[in-house]
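Engineer: no sequence on this one, just coordinates:
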């Protein structure tokens, strides 16, 4: 397994040697132990571990902190074993089981561009200091990085190789290093995958060297960096504004002078101190200056509005306007200025996390989508009385449409194909042993089934691939059909409403599908053309994140039609108006 495991240790407990010995017996490629300045009494244990196969013991002369020990291990792996996919970090206090460590390593291999977090379950069995600290940090961090993370302080992580150089440059050396890692992840656009692990605390976690007061202060100092930077910036801005304005200048000149001096400080501090950005000035500075100009214009407009409509004093109007813009400026800096634009191929949706916690908005929109699907299947299914009916749902793990379709359509067989085993397991537990429902764990891009179905459909699937793979996914729908069978494809389309809604969700940190790309009609139509013809389409405006529904009939013969791609010559073709309802 092309992964290393790194375990920092400072005066470790009795369970530590057993953990390393067990890891050495797995197929983990390398096990790196960092003796972070432990006392002489522990030398024998470390020497004994160094004799184990594939185990390397590195040593700090003095205790430098958990972050420093992790960086020592990461640097060693990157320099000595550059062929490895990444590094899994684990704690020395026995709270991480070997099976979970190996599971995180396997997840890292499947997601080599993502940071993997081993997420603990914070129930009553967890010591209060761990439960309270994680809950508080989780809420702060959600605001800071714009992502909902279930466990921000977990020590069990899978770190991809390409993220390591960035982490080695971080100044933090204690427990706050793990928090800085999450912030760096955000601003490198490195996706985060969360995976449940078992929660083990030995002797109420007494062997942990985490100081609830001292180390918590260091962690939360990281979270308050933006606030401190913003307060200092606001102080400079408002003091300069007041000085220039009361010396006789206009509001515009005072605003410009305050902004100019404040941005000089704010840019340097925000780039290096708050968001830990390593991008060049040539990339970041133009975006930052654009934000300053836009923010300055909005601030000036608000000041004038407050003065003219509410008779605010000028200085009061200035402070009020800046307070109103505080959160907006933060969100824009967080998500647009100091965040590296990720490459398409490095993005990955955390489907396990999605199925564990389905957004409430999805529960609402599914009702409308179900209604549309039922009407479309009834209209175009083409069944005759007494005919055998077979339906295939692709990407339907833990299907939200199964029950409604079976009640309304009553197919003889219902087949569900999904590459996410966790979602299929959820569905199987939900429906039990039902002989009419067949589940397959297969990738839509490489389906190996001959079902000759009457209807094959997917909702929100084909947009999660690159163009060539989307083409394969579309054609898989037709390959699963009998001649004259019907495929239904629902996918996001880039309307103005979709773009506005997605932008808002991204700014609020609520967007959960980083690999979703809204598809133009012509891309899907071109993929359908060799084997099928479009007979109906409609834009589903009520979904806000607008979807286009296309219905295509599989041709009885594979010859290409003479008419333009995606537009059949017969009169049965229907296209509904594309306007908001």
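Structural biologist: Received, thanks. Computed from a predicted model, the values in this text were never measured in an experiment. Numbers count the residues shown, from 1 in each chain.

Engineer: the nearest residue to residue 10 once chain neighbours are set aside - how many residues pack around it?
Structural biologist: Leaving aside its sequence neighbours, residue 10 sits nearest to residue 36 (CB to CB, 6 or more residues apart in numbering; 4.4 Å). Bear in mind the C-beta positions are built from the backbone N, C-alpha and C, glycine included. Neighbour count for residue 36, taken as other CB atoms under 10 Å: 24.

Engineer: could you pull out the helices for the stretch 351-500 of the chain?
Structural biologist: For the stretch 351-500 of the chain, the helices defined by DSSP state H, counting those that start in this stretch occupy 351-356, 360-380, 402-408, 421-431, 467-479, 496-507.

Engineer: before we move on, the earlier item: what pLDDT does the residue nearest to residue 10 get?
Structural biologist: For residue 36, the model assigns a pLDDT of 93.

Engineer: one step back: ok, of the helices of the stretch 351-500 of the chain, where does mean pLDDT dip lowest?
Structural biologist: Among those, helix 351-356 carries the lowest mean pLDDT (a mean of 80).

Engineer: next one: it to chain centre, how far?
Structural biologist: 11 Å (CA atoms, centre = their mean, to the nearest Å).

Engineer: would you mark the buried spots in it?
Structural biologist: For helix 351-356, the neighbour count (16 or more other CB atoms under 10 Å) marks 351, 352, 353, 354, 355 as buried.

Engineer: also stretch 309-327?
Structural biologist: 312, 314, 317, 318, 319, 321, 322, 325.

Engineer: same deal with stretch 293-303?
Structural biologist: Within stretch 293-303, the residues that count as buried by 16+ other CB under 10 Å are 295, 296, 299, 300, 302, 303.

Engineer: just checking, the third one touches residue 325?
Structural biologist: Meaning residue 299. Yes - the pair residue 299 / residue 325 is scored as a contact, 6.0 Å apart, by CB atoms under 8 Å.

Engineer: so which residue of this protein lies furthest out from the middle?
Structural biologist: Computed with CA atoms, centre = their mean, the residue of the chain farthest from its C-alpha average is residue 248, at 51.1 Å.

Engineer: let me see the confidence value for it.
Structural biologist: As predicted, residue 248 sits at a pLDDT of 87.

Engineer: any idea how far it is from residue 254?
Structural biologist: Residue 248 sits 10 Å away from residue 254, going by CB to CB, to the nearest Å.

Engineer: residue 522 now?
Structural biologist: If you measure residue 522 against residue 254 using CB to CB, the figure is 52 Å.

Engineer: neighbour count: the two, which is higher?
Structural biologist: Remark: of residue 522 and residue 254, residue 254 carries more neighbours, 24 against 10, as counted by other CB under 10 Å.

Engineer: quick one, what contacts that one?
Structural biologist: Counting by CB atoms under 8 Å, 6 or more residues apart in numbering, residue 254 touches 240, 241, 242, 244, 245.

Engineer: apply 6 Å and report the result again.
Structural biologist: Residue 254 sits next to 241, 244, 245 when contact means CB atoms under 6 Å, 6 or more residues apart in numbering.

Engineer: which positions in stretch 420-440 come out as buried?
Structural biologist: Those buried within stretch 420-440 under the rule 16+ other CB under 10 Å are 420, 422, 423, 424, 426, 427, 431, 437, 439, 440.

Engineer: pull up the distance across it, start to finish.
Structural biologist: With CA to CA, to the nearest Å as the measure, stretch 420-440 spans 10 Å from end to end.

Engineer: and the residue lying closest to residue 199 once chain neighbours are set aside, how close does it get to residue 111?
Structural biologist: On the basis of CB to CB, 6+ apart, the spatially nearest residue to residue 199 that is not a chain neighbour turns out to be residue 120, at 4.4 Å. From residue 120 over to residue 111 the distance is 20 Å, taken as CB to CB.

Engineer: out of those two, which sits in the more crowded spot?
Structural biologist: The neighbour count for residue 120 versus residue 111, taken as other CB under 10 Å, is higher for residue 120 (25 against 21).
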